[in-house]
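[1] Provided below are the primary sequence and the corresponding predicted coordinates.
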Amino acid sequence: MTDADHTSDDDHTESLVPDVIHAAELSDADLADAELSGAVDPMAALMGGGGFDLGSMMQFAQQAADQVAAAQESLLDARIEGTAGGGVVSVTLNGHLHLVGVRISPDAVDPSDLSMLEDLIVAAFADAQQQVADLQGQLDPLGGMGGMGGLGGLLGGA
């Protein structure tokens, strides 16, 4: 008796190692049965039954690139306003974190305490920046790329 064979009670010799069958050679019903028995070549099954499907991969890559381009355009057009001091200071950013506007109420200006105004501007910017980060997360067409920090800055910003 060899390692690959064993003898059953009825003296029937059967192989302990299943024959490898390529998935492309089977009908759907036979493929399901072969998968259950472990006889399907796993690499062939992973690569579309008979080989690597480069066309499908290229189509997926083009779709992903189109989605990223659309998200970038959407972020460029977005206007996000951050405020501080109850709205006396506001800054406006686009989705790429470019500063596109600042509004300061005269009530926020105290010539004897400019540091307060400076702090309000920084706080308004931080508020807008957080809102942009939230928007970028919502528009990420690749769903965070497996925890790689969104698109790693591909959509602009942090």
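    Noted; the coordinates are in hand. Numbering: from 1, shown residues only.
[2] low-confidence ranges in the protein?
    Across the chain, the ranges flagged by pLDDT under 70 are 1-52, 141-158.
[3] Kindly list the longest helix within it.
    Under DSSP state H, the helix in the chain containing the largest number of residues is helix 114-139.
[4] how about that one: buried residues?
    When neighbours are counted by 16 or more other CB atoms under 10 Å, the buried residues of helix 114-139 are found to be 117, 120-121, 123-125, 127-129, 131-133, 135-136, 139. Yep, even glycine has a C-beta here, placed from its N, CA and C like the rest.
[5] need the helices for this structure, in chain order.
    Counting by DSSP H, residue ranges of the helices within the chain are 28-37, 42-46, 54-77, 114-139.
[6] Using PDB, list the CA coordinates for the third one.
    Below are the C-alpha coordinates for helix 54-77, written out as PDB (Å, rounded to 0.1, in the frame of the first residue of the first chain):
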ATOM      1  CA  LEU A  54      -6.500  41.000 -18.100                       C
ATOM      2  CA  GLY A  55      -9.300  42.700 -19.900                       C
ATOM      3  CA  SER A  56     -11.600  42.600 -16.900                       C
ATOM      4  CA  MET A  57      -8.800  43.900 -14.600                       C
ATOM      5  CA  MET A  58      -8.200  46.800 -17.000                       C
ATOM      6  CA  GLN A  59     -11.900  47.600 -17.100                       C
ATOM      7  CA  PHE A  60     -12.000  47.700 -13.300                       C
ATOM      8  CA  ALA A  61      -8.900  49.900 -13.200                       C
ATOM      9  CA  GLN A  62     -10.500  52.300 -15.700                       C
ATOM     10  CA  GLN A  63     -13.700  52.500 -13.700                       C
ATOM     11  CA  ALA A  64     -11.800  53.200 -10.500                       C
ATOM     12  CA  ALA A  65      -9.800  55.900 -12.200                       C
ATOM     13  CA  ASP A  66     -13.000  57.500 -13.500                       C
ATOM     14  CA  GLN A  67     -14.600  57.400 -10.000                       C
ATOM     15  CA  VAL A  68     -11.500  59.000  -8.500                       C
ATOM     16  CA  ALA A  69     -11.500  61.800 -11.200                       C
ATOM     17  CA  ALA A  70     -15.200  62.400 -10.600                       C
ATOM     18  CA  ALA A  71     -14.600  62.600  -6.800                       C
ATOM     19  CA  GLN A  72     -11.700  65.000  -7.300                       C
ATOM     20  CA  GLU A  73     -13.800  67.300  -9.500                       C
ATOM     21  CA  SER A  74     -16.600  67.200  -6.900                       C
ATOM     22  CA  LEU A  75     -14.200  68.200  -4.200                       C
ATOM     23  CA  LEU A  76     -12.800  71.000  -6.200                       C
ATOM     24  CA  ASP A  77     -16.200  72.500  -6.700                       C
END
